[in-house]
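Asks: give me coordinates for this.
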Amino acid sequence: MSVRSGVDIVADWTVVTTPMAQAALRGLCGSFIGTRWRGMDEAENRVHRYVLQGYAATGRAPAGAQIAGAVGPSFDEVTAALRRLAGRDLVVLDDAGRIVGAYPFTERPSEHHVTVAGITVSAMCAIDALGIGAMLGQASVIRSVCRSCGQTLSICTRDNGQTLDFAKPAGIVIWSGQLYADDCAATSLCTQQGFFCTSEHMERWRADKSRQDDEGVPLNLSEALEVGRALFEAMRSALRLAND
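Replies: Numbering: from 1, shown residues only. Presented below is the predicted three-dimensional model:
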């Protein structure tokens, strides 16, 4: 497994083509990613790549001992690399140090489920769900629910996950919130990236006075797919996740 040291994962701004998609990506990069995903060392690169490949192949993260046996570093080195990746907010660990997520994948309860090449995985958020097919270079089927009314939503992508193929209902929209807290997008920002069956239902959800996450950008499906591609095609390219 050939992996370069000093790998940077940088969003691909060339795939976002509308002002709203650009604003959403700018908000995510500004509030969450920043420079966190730059300059990973060789151990981080190897471990991160293997974790993502494990999720893609099985829907679950590999254990630390399995990672150590596959990519070369000792178990202690793998554990240290995972802690550094968690510090970069690229992976999520539980209190025992076990992997429970690696953007865009999660093993915690999620309303977003994505099937690619016969494997179903759970996604951290709506943007992540849309980006999984593009990251893996394959068509995808996404099942989620409207955050407001609970209606089941279905979305399919084609052309290696780069193009929308089908959506039911046809008017699905996304709210891309930007509130990041506690150095963990999974428990803050990701909870604000949701699907809605209509714009009216999104506005109803946003009108809830108990919400503290008013900053964000409304997106149609095509725009949200562009944002997902900008983040996760870049990750695929940087980590060489395409069968090499």
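
Asks: alpha carbons only for contacts and neighbour counts from here, please
Replies: Noted.

Asks: spatially central residue in the protein, please.
Replies: If you average the C-alpha coordinates of the chain and look for the closest C-alpha using C-alpha atoms, centre = their mean, you land on residue 104, 2.5 Å from that point.

Asks: where does that one land on pLDDT?
Replies: At residue 104 the predicted local distance difference test score is 96.

Asks: ok, now the one 3 residues further on?
Replies: For residue 107, the pLDDT comes out at 95.

Asks: dump the residue contacts of the nearest residue to it once chain neighbours are set aside.
Replies: Nearest residue to residue 107, sequence neighbours excluded (C-alpha to C-alpha, 6 or more residues apart in numbering): residue 100, at 5.2 Å. Applying C-alpha atoms under 8 Å, 6 or more residues apart in numbering to residue 100 gives the contacts 61, 91, 92, 93, 94, 106, 107, 108.

Asks: with residue 100 as the reference, measure out to the fifth one.
Replies: Spelled out, that is residue 94. From residue 94 over to residue 100 the distance is 6 Å, taken as C-alpha to C-alpha, to the nearest Å.

Asks: can you tell me the element the residue nearest to residue 107 falls in?
Replies: Element membership of residue 100, judged by DSSP states H and E, is strand 99-102.

Asks: neighbouring contacts of the very next helix or strand once past that strand?
Replies: Tracing the chain C-terminally past strand 99-102 and defining elements by DSSP H and E, one meets strand 105-106 next. Strand 105-106 is contacted from outside by 52, 55, 100, 121, 122, 123, 124, 128, using C-alpha under 8 Å, 6+ apart.

Asks: reformat those as TSV; add distance to residue 172 and pLDDT.
Replies: Listed next are those as TSV, based on distance: C-alpha to C-alpha, whole Å; pLDDT from 0 to 100:
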residue	distance to residue 172	pLDDT
52	28	94
55	27	93
100	29	96
121	21	96
122	19	97
123	17	98
124	18	96
128	16	97
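
Asks: closest to residue 70 out of the residues you listed?
Replies: When the contacts of strand 105-106 are compared for distance to residue 70 (C-alpha to C-alpha), residue 52 comes out closest, at 13.4 Å.

Asks: I am finished for the moment; much appreciated.
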